[in-house]
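1. this is a predicted model, with the sequence first.
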Amino acid sequence: MSTDAAEQTQTFTDLGLRDELLSALTTLGYEEPTPIQAESIPHLIAGRDLLGQAATGTGKTASFALPILDRLQPGSRGDEPSALILVPTRELAMQVSEAVHKYGRDLGARVVPIYGGQPISRQLQALRRGVDVVIATPGRAVDHIKRGTLPLDFIEIVVLDEADEMLDMGFAEDLDAILEATPESRQTVLFSATMPSKIEKLARRHLTDPINIRIAREVAEPGAAPKVRQSAYVVPRSHKPAALGRILDVESPTAAIVFCRTRHEVDQLSETLNGRGYRAEALHGGMSQEARDRVMGRVRAGTAELLIATDVAARGLDIDQLTHVVNYDVPSAPEAYVHRIGRVGRAGREGVAITLAEPREHRLVENIQRVTGQKIAFEKVPTIADLRNRRMELTLATLRESLIDDDLDRYRTIVETLTDEFDLVEIALAAVKLAHEAVGGDDDETEIPEIAPRKSTSYGDRDDRSKPGKFSKDKGAKSGKSGKDGKGADRGDRLSKGDAVRLYFPIGRSARVRPGDLVGAIAGETSLSGRDIGAIEITENFSLVEVPGRAVEEVIGAMKRTTIKGKKITPRRERF
């Protein structure tokens with residue numbers, strides 16, 4: 001069955017949900033289901049496997065969370081989980097966990113998120129107390145399964161949320177292994193923003209006679225077509241903050257939203273841009289509602305010109321004076337890109353969409369162009385000379401405006417006094433110099449290296465022909481072997497040479513380590529995604545992994561707190 005957002009059920013009551021859930025939805029202010037919810041919930045309540053495609057922000061979480069909660073038995077329940085939800089990132093694990101907890105509060109639902117970056121002891125305590133629904137990142141789920149602390153014997157439903165993102169991050173083998181460790185009688189649900197062939201293969205392996213649901217992209221409202229100038233800049237990760245500041249200096253936006261992947265990135269970038277003289281405000285899920293309201297009040301009042309935000313925090317925002325949207329990282333799904341840039345260029349006004357792409361992300365930009373049918377022009381990052389020319393233009397404009405509009409007579413005495421000692425042109429030059437310094441001057445800057453766009457191979461897109469790993473309660477995980485000559489899958493030129501640092505991991509083929517084990521451990525325990533990790537080389541007794549230089553200490557610290565293949569390891573910088 002294939003559905004393109006068929007006739008939508010008008011109320012949640014029509015979907016057959018139990019009274020406790022309907023009450024929670026009413027309290028939360030939900031009035032009617034979104035198309036993906038209306039299409040999915042009845043089939044999931046009926047126990048069917050489901051393969052769903054819908055863009056981010058369409059209400060997928062409630063689509064699977066409500067049916068999971070609907071099947072919870074009233075009264076006391078066992079200690080082992082009946083539902084497992086797998087998500088790609090810590091941020092999404094927290095978001096889904098919060099949503100499931102809110103929906104299931106009246107049912108006494110016990111919800112435990114497990115992800116990297118949180119002490120595993122806290123997660124162990126929560127799991128021992130008893131749990132109904134576990135929301136986990138694949139890497140941390142694998143770790144708990146190996147420890148025997150995440151029992152899967154009573155799992156009735158497994159959900160893969162944002163499956164395409166998990167595959168892109170290199171979790172294919174982990175997903176196969178986790179699914180094979182759950183009961184064959186389970187219900188399996190897979191949601192993805194895109195439907196590449198690797199998702200279809202995953203579905204064929206693990207879904208049984210699934211219902212196929214596709215929610216078509218929203219059609220633009222009638223009226224003037226959006227006028228959005230779209231451009232991309234290829235920038236090494238270590239130079240992205242400086243490049244963004246320089247681009248904003250040249251663009252001079254009236255108001256802009258800058259989208260980041262993580263809360264940490266939002267806070268860091270806000271501080272950087274404020275230091276550059278911009279009035280930037282941060283907005284992310286870690287802030288209270290009161291703090292968010294204050295931020296939006298300042299943005300709408302025009303006292304802040306930049307809003308640095310995560311996708312989750314920026315959902316539903318509508319800022320009338322918005323002129324620019326900036327993707328500080330390339331969105332993994334074209335739908336997310338379309339949704340972001342749709343905030344500018346409305347009602348016939350012109351808008352600008354800017355994307356900062358790392359060298360390895362050229363293919364993602366190309367995919368966005370192919371899917372959307374819109375041209376994204378690759379531009380050169382402004383040079384120091386470009387920046388100085390732009391600042392000269394701003395100085396000229398400021399002086400011209402002052403000559404036209406200001407009352408200058410009160411300064412005439414100063415000029416006449418100075419003409420007794422200096423030439424009038426020299427006096428004017430000194431005044432221009434002061435005005436120029438007031439709008440930014442010519443501060444010392446480091447030239448950002450120019451990098452031509454290039455294609456690269458992503459680890460998540462490799463052709464993986466090895467047999468999926470399986471879990472054994474006593475022996476941990478069985479895994480396939482790495483590539484030829486002990487080297488990991490070809491990850492291409494993932495990092496710029498100046499940014500990459502190779503870390504030595506004292507574990508190799510003898511411990512049956514695969515590239516996916518290393519990627520999963522790092523991506524699951526740190527702020528890095530699978531795409532941030534560079535080349536991997538695995539020898540008999542050790543492995544070498546390229547990571548961004550900025551994240552070296554974070555990776556070393558995080559790896560000390562976790563295990564790989566059940567072993568405690570301490571990585572270090574490679575010694576030459």
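-> Alright, I've got the coordinates.
2. now for the host helix or strand of T417, which elements pack on it?
-> If you go by DSSP states H and E, T417 is part of helix 412-418. Here helix 412-418 touches helix 424-438, going by 3 or more C-beta pairs under 8 Å, 6 or more residues apart in numbering; DSSP states H and E. Placement of C-beta: from N, CA and C, glycine included.
3. residues in contact with the helix it packs on?
-> 391-392, 395, 398-399, 415, 418-419, 442 (C-beta atoms under 8 Å, 6 or more residues apart in numbering).
4. report the buried members of those residues.
-> Neighbour-count burial (16 or more other C-beta atoms under 10 Å) applied to these gives 391, 395, 399.
5. dump those residues into a markdown table; add pLDDT and distance to G104 as well.
-> Shown next, in a markdown table, are the buried ones among the contacts of helix 424-438 (pLDDT from 0 to 100; distance: C-beta to C-beta, whole Å):
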| residue | pLDDT | distance to G104 |
| --- | --- | --- |
| R391 | 70 | 56 |
| T395 | 75 | 60 |
| L399 | 80 | 63 |
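6. tell me the one among these nearest to R128.
-> R391 (61.1 Å; C-beta to C-beta).
7. wait, a helix at that closest one?
-> Yes - assessed with DSSP: H, G, I helix; E, B strand; the rest coil, R391 lies in a helix.
8. separation between it and S231?
-> Remark: distance between R391 and S231 (C-beta to C-beta, to the nearest Å) = 21 Å.
9. contacts only, for the residue lying closest to F505 once chain neighbours are set aside.
-> Spatial nearest neighbour of F505, chain neighbours left out: S543 (4.3 Å); criterion: C-beta to C-beta, 6 or more residues apart in numbering. Counting by C-beta under 8 Å, 6+ apart, S543 touches 488, 504-505, 507-508, 513, 518, 536-537.
10. between those, which has the most around it?
-> Most neighbours among the contacts of S543, by other C-beta atoms under 10 Å: I536, with 28 neighbours.
11. which SSE is I145 in?
-> Applying DSSP H and E, one finds I145 within helix 138-147.
12. avg pLDDT for that helix?
-> Helix 138-147 shows a mean pLDDT of 91.
13. packing partners of it?
-> So helix 138-147, by 3+ C-beta pairs under 8 Å, 6+ apart, packs with strand 83-86, strand 111-114, helix 120-128, helix 172-180, strand 476-478, helix 515-525.
14. name the residues of stretch 12-21 that are buried.
-> 12, 15, 17-18, 20-21.
15. quick one, which of those has the minimum pLDDT?
-> Among the buried residues of stretch 12-21, F12 has the weakest pLDDT, 87.
16. now do the helices in the stretch 251-400 of the chain.
-> 263-275, 289-301, 311-314, 334-341, 362-372, 384-405 (DSSP state H, counting those that start in this stretch).
17. in stretch 530-541, what's buried?
-> Quick answer for stretch 530-541 (16+ other C-beta under 10 Å): 530-538.
18. show me the shaky parts of the stretch 251-400 of the chain.
-> Counting by pLDDT under 70, the low-confidence segments of the stretch 251-400 of the chain come to 312-318, 332, 345-349.
19. what angle do helix 120-128 and the helix holding I145 make with each other?
-> Using axes from the mean of the first three to the mean of the last three C-alpha atoms, to 10 degrees, the direction of helix 138-147 lies 70 degrees away from that of helix 120-128.
20. who touches helix 138-147?
-> The contact list for helix 138-147 (C-beta under 8 Å, 6+ apart) reads 84, 86, 88, 114-116, 120, 123, 127, 134, 136, 150, 152, 166, 171, 174-175, 177-178, 181, 471, 476-477, 520-521, 523-525, 562-563, 565-566.
21. partner strands of the next helix-or-strand element following it, with direction?
-> Toward the C-terminal end, the helix or strand that comes next after helix 138-147 (DSSP H and E) is strand 157-160. Paired neighbours of strand 157-160 in the sheet (DSSP bridges): strand 83-86 (parallel), strand 187-192 (parallel).
22. just the helices of the stretch 251-400 of the chain: most buried one?
-> helix 334-341 (a mean of 22; mean count of other C-beta atoms under 10 Å).
23. just how off-centre is that one within its chain?
-> Distance of helix 334-341 from its chain centroid, counting by C-alpha atoms, centre = their mean, to the nearest Å, is 13 Å.
24. which other helices and strands does that helix contact?
-> Partner elements for helix 334-341 (3+ C-beta pairs under 8 Å, 6+ apart): strand 324-327, strand 350-357, helix 362-372.
25. got the buried residues for stretch 204-216?
-> 206-207, 210-211, 213-215.
26. how is the chain partitioned into domains?
-> 2-214, 227-382, 385-438, 467-573 (automatic domain parsing).
27. ok, which of the ones you listed comes nearest I448?
-> domain 227-382 (4.8 Å).
28. next, work out how far apart the residue of the chain positioned farthest from its centre and I414 are.
-> Within the chain, the residue lying farthest from the chain centre (C-alpha atoms, centre = their mean) is D420, at 63.5 Å. Applying C-beta to C-beta, the value for D420 to I414 is 12 Å.
29. now distance to I354 too, for the buried residues of stretch 530-541, in CSV please.
-> Listed next are the buried residues of stretch 530-541 as CSV, based on distance: C-beta to C-beta, whole Å:
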residue, distance to I354
G530, 25
R531, 20
D532, 21
I533, 26
G534, 25
A535, 29
I536, 32
E537, 36
I538, 38
